[in-house]
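Participant: Next come a sequence and a model predicted from it.
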Amino acid sequence: MDLLFQGFFLVTFYWVTLASTAEQTGVLPPPSRVSLQWVNDFCVNLSWSPPENLNRSTCSVKYLVEETMSGGESNKFTKVITNYQTCLDHEGGVTYTVRTQPDTCGQINSSEGITLSIPPVKEKLVKDFQCVYYMSGSMNCTWNPTSEATDLQLYYWWNDGERTHLPPELCSLYLYSGNLKTGCHLHGSFLDVTALYPVFFLIKGTRGGSALRNTFHRLPRDNVKPSPPKLKIEPVPDKPNQLKLTWKEPSGFHPELKYWDYEFRITNCEEKQPKSAYQDTYVEVPYDQRCQFRAQVRAICNYMCGKGASDWSQEESYGQDSSDWSFHVAFIAIPIILTICVIVLLLFLKKLQVLILPQIPDPRKFLKELINSSEDQGVVRPNLPWDSSLDERKVFVPEQTEVCLKIDVLELKPEAEPEPELKPKAEP
Ligand SMILES: *[C@@H]1O[C@H](CO)[C@@H](O)[C@H](O)[C@H]1NC(C)=O
Ligand SMILES: *[C@@H]1O[C@H](CO)[C@@H](O)[C@H](O)[C@H]1NC(C)=O
Ligand SMILES: *[C@@H]1O[C@H](CO)[C@@H](O)[C@H](O)[C@H]1NC(C)=O
Ligand SMILES: *[C@@H]1O[C@H](CO)[C@@H](O)[C@H](O)[C@H]1NC(C)=O
């Protein structure tokens, strides 16, 4: 009985060993007991155990961890130890896959992957989260609260290697728009262009009675926006066709470090001349004295400082538009005079038109004339009331139609005003 059981166990054990031995199957077994734990608000610890049923004295393995963000971007890490800790913005959802890889196992393939996911956060308390790193040690982050989000609180945290187990800090200086919290001013030596670790943000709040949280992360050196430089335009001695541009570099950053390149926007006789300066302290530019010279400058963060640029500076000007009056006066005056002439001409023509085409005569006068003429001749004209004498005077004449009218002339009493009665009768 015992022997039989022992034999069965051995056989089973042997079979299991054979089945899971690398050389027999060609594929390594996956890691076991894979788990994902939150270390704090921003960091997770992915851990696992070596594959079961693997004779590790004949086959040593390592592990491949693949981290895939919501956008499809993925990072791969090879590990000999059995955990991977990472701090990142999990807001959009992250998928972790870990698989066993052969190290000294001969010809054998990696295992299938074991996948664990952190789902994306759908409910948003704020939108348009933006940070502006505007001077050494100072950064403002702003947002737009979504409707009905209340009790907003911002926490921030960074990982310079020492702070993993420290809690995030609460914002100490909020920026407001009316009564709404729309930003936070951050200050501290951890905000530096040389720092390569991101700052993490946690916004907590409530909406409709339920507590929500959103996370973000920003690298200060990717969000640099200094104040615009101060520009000065000076003449160059003995070179009337040149101007010298000098400027004060953005304040608030390390003055000795060459963080900035400069870009200029120049207008001089309508020409726009984009011009750049790389870490110089002045530039000389051509100057056309006929026109005013206007210029703006902005500072652009170079590789030393990161990414970003200032706004354009205030526009500075030099000189005036040329006093070559005849040219300018002619240039402006000729079109004006021409326009006035055209208007006068049009008015004149309108007056002329009134003279040429007189107003339509009064119909009562017209009727009187008609009656007079019929009394004179005692004959009814065939085409009345269209008098040919009127035709000659260019009164509006519609297309003539053949209409025959029978007009009865009443006997007139001498003292009474005649009352003509026209009774048109259609003839067959
Ligand atoms: C290992 O993987 C390759 C490519 O995926 C495949 O062609 C090969 O058959 C695999 N080998 C074994 C032993 O499964
Ligand atoms: C990660 O988890 C593993 C297993 O639970 C543990 O041994 C390890 O100490 C953890 N690492 C950290 C940094 O918490
Ligand atoms: C592992 O392999 C070695 C060498 O082939 C062998 O001596 C040892 O017994 C094996 N161990 C197990 C647990 O199978
Ligand atoms: C950042 O916030 C501080 C504090 O309110 C303010 O004084 C400063 O002007 C702001 N800077 C920028 C660039 O918004």
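Facilitator: Perfect, thanks for sending it. Ligands and ions are numbered 1, 2, ... in the order given.
Participant: Figure out the length between the terminal residues of stretch 27-44.
Facilitator: Start to finish, the residues bounding stretch 27-44 are 29 Å apart (CA to CA, to the nearest Å).
Participant: check whether it contacts ligand 1.
Facilitator: Yes: under the criterion of CB under 6 Å from any ligand atom, ligand 1 is reached by stretch 27-44 at Val27. The C-beta positions use only the backbone N, C-alpha and C, and glycine is treated the same way.
Participant: I'd like to know how many residues surround whichever residue of the stretch 101-250 of the chain sits closest to ligand 1.
Facilitator: With CB to the nearest ligand atom as the measure, Asn109 is the residue of the stretch 101-250 of the chain nearest to ligand 1, at 3.6 Å. The burial count assigned to Asn109 is 15, neighbours taken as other CB atoms under 10 Å.
Participant: and it, what is it in contact with?
Facilitator: Applying CB atoms under 8 Å, 6 or more residues apart in numbering, one finds that Asn109 lies in contact with 26-28, 102.
Participant: Buried among those residues? Need that as a selection in PyMOL.
Facilitator: The following PyMOL line selects those of the contacts of Asn109 that are buried, judged by 16 or more other CB atoms under 10 Å:
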select buried, resi 28+102
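Participant: Tabulate the contacts of Asn109 (CSV), appending pLDDT and distance to ligand 2.
Facilitator: Shown next, in CSV, are the contacts of Asn109 (pLDDT from 0 to 100; distance: CB to the nearest ligand atom, whole Å):
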residue, pLDDT, distance to ligand 2
Gly26, 81, 30
Val27, 83, 26
Leu28, 85, 21
Pro102, 86, 24
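Participant: Next, work out how far apart the residue positioned nearest the centre of the chain and Phe216 are.
Facilitator: The centre of the chain sits closest to Asp128, judged by CA atoms, centre = their mean, with a distance of 11.7 Å. Applying CB to CB, to the nearest Å, one obtains 11 Å for the distance of Asp128 from Phe216.
Participant: and what of Lys239?
Facilitator: Separation of Lys239 from Phe216 (CB to CB) stands at 52 Å.
Participant: Looking at these two, which is more packed in?
Facilitator: Taking neighbours as other CB under 10 Å, Lys239 and Phe216 compare with Phe216 leading, 21 against 12.
Participant: check contacts around the more buried one.
Facilitator: 89, 91, 129, 200-201, 203.
Participant: ok so, going back, okay, and which of the contacts of Asn109 map to strands?
Facilitator: Using DSSP state E, the subset of the contacts of Asn109 located in strands is Pro102.
Participant: Output the below-cut-off pLDDT ranges for the stretch 151-300 of the chain.
Facilitator: Counting by pLDDT under 70, the low-confidence segments of the stretch 151-300 of the chain come to 271, 273-274, 279.
Participant: Okay, buried residues for stretch 208-226 please.
Facilitator: Neighbour-count burial for stretch 208-226, counted by 16+ other CB under 10 Å, picks out 212, 214-221, 223-226.
Participant: Next, format these as a markdown table and append secondary structure and distance to ligand 4.
Facilitator: As requested, those are exported to a markdown table (DSSP: H, G, I helix; E, B strand; the rest coil; distance: CB to the nearest ligand atom, whole Å):
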| residue | secondary structure | distance to ligand 4 |
| --- | --- | --- |
| Leu212 | strand | 26 |
| Asn214 | strand | 21 |
| Thr215 | strand | 22 |
| Phe216 | strand | 18 |
| His217 | strand | 20 |
| Arg218 | strand | 15 |
| Leu219 | coil | 17 |
| Pro220 | helix | 13 |
| Arg221 | helix | 16 |
| Asn223 | coil | 11 |
| Val224 | strand | 11 |
| Lys225 | coil | 7 |
| Pro226 | coil | 9 |
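Participant: Make TSV out of these and add distance to Ser49.
Facilitator: Compiled in TSV, the buried residues of stretch 208-226 are given as follows (distance: CB to CB, whole Å):
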residue	distance to Ser49
Leu212	35
Asn214	34
Thr215	29
Phe216	34
His217	31
Arg218	36
Leu219	35
Pro220	39
Arg221	39
Asn223	41
Val224	45
Lys225	48
Pro226	51
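Participant: Out of those, flag the one nearest to Thr115.
Facilitator: Thr215 (21.9 Å; CB to CB).
Participant: Any idea what the closest one is bridged to?
Facilitator: Here Thr215 sits in beta bridges with Leu202, going by DSSP bridges.
Participant: Check for me that Ile343 belongs to a helix.
Facilitator: Yes: applying DSSP: H, G, I helix; E, B strand; the rest coil, one finds Ile343 inside a helix.
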